[in-house]
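Novice: Give me the fold of what follows.
(one chain, ligands or ions: 1)
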Amino acid sequence: MTGDTDFDAVVIGAGFAGLYALKKLRDDLSMTVRVYEAGDGVGGTWYWNRYPGARCDSESFYYCYSFSPELAQEWEWSGRYPEQPEIERYVNHVADRFELRRDIQLSTRVTAATFDESANRWEIRTDRGDAVTARFLVTAVGCLSAPNVPDLPGMDEFQGEIYFTATWPREGVDFTGKRVGLIGTGSSGIQATPRIAAEAARLTVFQRTPNFSIPARHSAFLPEDQAKIKENYEDIFAATRTSWAGFPYAPIKRATASVSADEREEILEGLWGEGGFKFLWGGFHDLLLDAEANEIASEFIRRKIRETVKDPDTAELLCPKGYPYGAKRPPIDTDYYETFNRENVTLVDISTAPIEAITTAGLRTTAADYEFDALVFATGFDAMTGTLLRIDIRGADGVRLADAWADGPRTLLGLQVAGFPNMFTITGPGSPSVLVNMPVAIEHHVEWIADCIEYMRERGWTRLEATEEAQDAWVEHVAEVAKQSLFGRANSWYVGANIPGKPRVVMPYTGGQPMYRERCDAVSSSGYEGFKFG
Ligand SMILES: Cc1cc2nc3c(=O)[nH]c(=O)nc-3n(C[C@H](O)[C@H](O)[C@H](O)COP(=O)(O)OP(=O)(O)OC[C@H]3O[C@@H](n4cnc5c(N)ncnc54)[C@H](O)[C@@H]3O)c2cc1C
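Specialist: Sure, this is the predicted structure:
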């Protein structure tokens with residue numbers, strides 16, 4: 001690492017987004033770039049989330065970079081849904097292969113970034129005492145990287161072990177013979193439950209909201225699967241860029257009501273058998289648009305839960321009701337519902353009897369006391385805005401991002417914020433981001449940002465900023481599109497509902513990739529309409 005203090009760009013974060021941003025800006029645009037990463041390794045999500053059962057829900061062969069055909073050909077995925085260690089190895093391979101490490105400073109958290117209007121540069125500070133400047137600030141901080149630590153009384157008093165899925169110890173945890181309490185039944189809790197249950201003496205799962213989980217149907221790849229994927233990579237990647245959610249499925253133009261009940265059943269059964277996100281995106285186009293269509297798919301899943309879980313009371317507790325399937329981030333599981341048939345697993349409903357406190361011996365709900373040797377919090381993230389707002393970001397006139405977003409995030413295309421010149425937000429709120437297979441969304445953003453910077457450099461411009469008018473129009477459009485969907489109908493992290501006091505706003509763009517990309521292309525090809533330059 002050089003002792004330089006002035007860069008063309010500073011990138012915050014070294015996950016999928018930060019690594020590609022570094023590669024693109026440094027190697028294609030010949031910019032000087034410094035990446036700061038809080039973790040002591042690269043990989044972002046796949047560096048931090050080491051809990052048992054952590055794996056991707058998108059399938060491996062498109063949950064990866066597409067920018068380098070050579071990389072795609074040389075990397076071998078072991079199966080459909082690799083576990084965390086394999087994805088971490090992949091990201092490390094990328095860092096080595098493209099010689100990225102020399103420009104990444106690990107174990108360094110950016111604490112503040114202030115825009116200097118006289119120089120049109122950002123001044124960036126870190127918790128290690130770095131003070132550097134950059135023309136461009138590129139945030140690659142992750143939509144799901146600010147862990148949500150619940151504010152429960154007594155957290156410091158528990159005498160056993162406490163773990164958070166989002167910051168799992170590197171050396172792993174041995175639950176053998178232990179009584180474990182697991183709090184949270186989102187995607188991470190659902191992945192961890194079967195693994196912990198298989199090891200622990202007893203597992204008690206505390207559930208506030210049941211989730212609609214779809215079986216992953218993981219399988220290892222045979223050499224012929226590998227060969228077929230590699231032969232077809234170009235088409236696979238092309239399809240991910242044009243589909244609604246970044247998956248390589250052909251676009252579906254089939255309304256749920258357009259087929260008979262028998263046909264519908266056959267389609268849903270087929271998708272259930274195939275496993276994965278295809279259940280949401282591969283059968284009917286209207287599951288997130290039409291409440292009646294959604295209810296058909298929702299009831300199908302409830303029926304599967306009731307068929308799987310032997311104890312009828314537990315099955316009923318596990319059945320989500322009162323919100324549409326897919327309006328919360330849909331988990332993908334391996335034996336989640338089956339795990340509740342184990343003798344050593346109990347489900348506790350904390351929607352009716354909430355957790356009051358953590359005690360020295362375990363925890364107390366309004367109904368009972370529980371004793372544990374270990375507590376596992378799978379309580380998710382302050383999604384989409386949390387990580388950015390934990391940095392003291394000040395734009396033009398010293399305006400704090402936290403103030404600009406006091407009523408919810410405001411961006412133009414999820415890429416730029418009015419009043420924060422020369423700052424780009426990869427997969428920022430207001431872009432499809434978390435509703436899309438994320439490497440696809442990330443590559444799109446990095447490439448759009450690089451084109452924009454190149455456009456400025458060709459003209460000798462040093463400042464760019466979204467106009468308030470264009471941003472207002474985009475925020476309104478995002479809200480309008482969200483209203484036409486069912487996304488607002490669940491208390492999900494998509495709307496900030498998991499964080500007390502967070503403004504309730506549908507944060508991702510719900511119009512899908514094709515419409516979004518069209519907008520982005522229209523903006524860039526019109527000479528960046530909606531942005532002002534200087
Ligand atoms: C368990 C889990 C499973 C997932 N599975 C899928 C999946 O199957 N499909 C899918 O599309 N998406 C999935 N996601 C979403 C996943 O986050 C993205 O796919 C992708 O990894 C995001 O990459 P990123 O680089 O944008 O962010 P991240 O991987 O979150 O990386 C951001 C990095 O920024 C760093 N950082 C943040 N703030 C600072 C700061 N102030 N200073 C320095 N560094 C900072 C963090 O330490 C982190 O390493 C999953 C997420 C989780 C948590």
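
Novice: now Ile196: how far from Arg55?
Specialist: 15 Å (CB to CB, to the nearest Å). From N, CA and C alone the C-beta is placed, and that goes for glycine too.

Novice: Apologies, that question was intended for Tyr249.
Specialist: To Arg55, Tyr249 is 20 Å away according to CB to CB.

Novice: Neighbour count for the two, which is higher?
Specialist: Arg55 (22 against 16; other CB atoms under 10 Å).

Novice: Spit out the contact partners of the more buried one.
Specialist: 81-84, 87, 191, 216, 218 (CB atoms under 8 Å, 6 or more residues apart in numbering).

Novice: The same query, at a cut-off of 7 Å, please.
Specialist: 81-84, 191 (CB atoms under 7 Å, 6 or more residues apart in numbering).

Novice: By neighbours, which of those residues wins?
Specialist: That'd be Gln191 among the contacts of Arg55, by other CB under 10 Å, with 28 neighbours.

Novice: residues near the residue lying closest to that residue once chain neighbours are set aside, how many?
Specialist: Closest residue to Gln191 apart from its sequence neighbours, by CB to CB, 6 or more residues apart in numbering: Gly53 at 3.9 Å. Neighbour count for Gly53, taken as other CB under 10 Å: 21.

Novice: now Gly53: how far from Ile190?
Specialist: Distance from Gly53 to Ile190, by CB to CB: 8 Å.

Novice: Out of the contacts of Arg55, which is nearest to Ala9?
Specialist: Nearest to Ala9 out of these is Gln84 (CB to CB; 29.0 Å).

Novice: In this structure that closest one contacts Ala54, no?
Specialist: Yes. Taking CB atoms under 7 Å as the definition, Gln84 is a contact partner of Ala54 at 4.0 Å.

Novice: From Thr114, how far out is the closest residue to Leu412 other than its chain neighbours?
Specialist: Take Leu412 and drop its neighbours on the chain: the residue closest to it by CB to CB, 6+ apart is Ala466, 3.7 Å away. Using CB to CB, Ala466 is found at 19 Å from Thr114.

Novice: same question, Arg179
Specialist: 49 Å.

Novice: can you check Glu458 too?
Specialist: Distance of Glu458 to Thr114, computed by CB to CB: 28 Å.

Novice: Backbone dihedrals for the residue nearest to Leu412, please?
Specialist: For Ala466, the backbone dihedrals are phi -70, psi 140 (criterion: degrees, to the nearest 10).

Novice: Please name the bridge partners of it.
Specialist: Counting by DSSP bridges, Ala466 is bridged to Phe531.

Novice: thinking it is in contact with Phe531, fair?
Specialist: Yes. Between Ala466 and Phe531 there is a contact at 5.7 Å, judged by CB under 7 Å.

Novice: Give me the helices and strands touching the lowest-mean-pLDDT helix or strand in the chain, please.
Specialist: Lowest by mean pLDDT, DSSP states H and E among the helices and strands of the chain is helix 278-281, with a mean of 94. If you count contacts as 3 or more CB pairs under 7 Å, 6 or more residues apart in numbering; DSSP states H and E, helix 278-281 packs onto helix 261-274.

Novice: Repeat the analysis, applying 10 Å as the threshold.
Specialist: Here helix 278-281 touches strand 214-215, helix 261-274, helix 291-308, going by 3 or more CB pairs under 10 Å, 6 or more residues apart in numbering; DSSP states H and E.

Novice: What about the residue in the stretch 301-450 of the chain that the ligand sits nearest to, how many residues nearby?
Specialist: The nearest approach of the stretch 301-450 of the chain to the ligand comes at Met438, 3.3 Å away (CB to the nearest ligand atom). By other CB under 10 Å, the residues close to Met438 number 23.

Novice: OK, contacts around whichever residue of the stretch 51-200 of the chain sits closest to the ligand?
Specialist: Residue of the stretch 51-200 of the chain nearest the ligand, by CB to the nearest ligand atom: Gly142 (2.1 Å). Gly142 makes contact with 12-13, 15-18, 44-45, 48, 381, 383-384, 386-388, 426-427, 438, according to CB atoms under 10 Å, 6 or more residues apart in numbering.

Novice: that older thread, shared neighbours, Gly53 and Ile190?
Specialist: Joint contacts of Gly53 and Ile190 (CB under 10 Å, 6+ apart) are 333-334, 336.

Novice: In strands only, show me the residues you listed.
Specialist: Among these, the ones falling in strands (DSSP state E) are Asp333.

Novice: Name the member of the shared contacts of Gly53 and Ile190 with the most neighbours.
Specialist: Counting by other CB under 10 Å, top hit in the shared contacts of Gly53 and Ile190: Tyr336 with 28 neighbours.

Novice: Which positions in the stretch 301-450 of the chain make contact with the ligand?
Specialist: When proximity is defined as CB under 6 Å from any ligand atom, the stretch 301-450 of the chain approaches the ligand at 387, 391, 427, 437-438, 442.

Novice: Of these, which is the most crowded?
Specialist: Highest neighbour count within those, by other CB under 10 Å: Thr427, with 26 neighbours.
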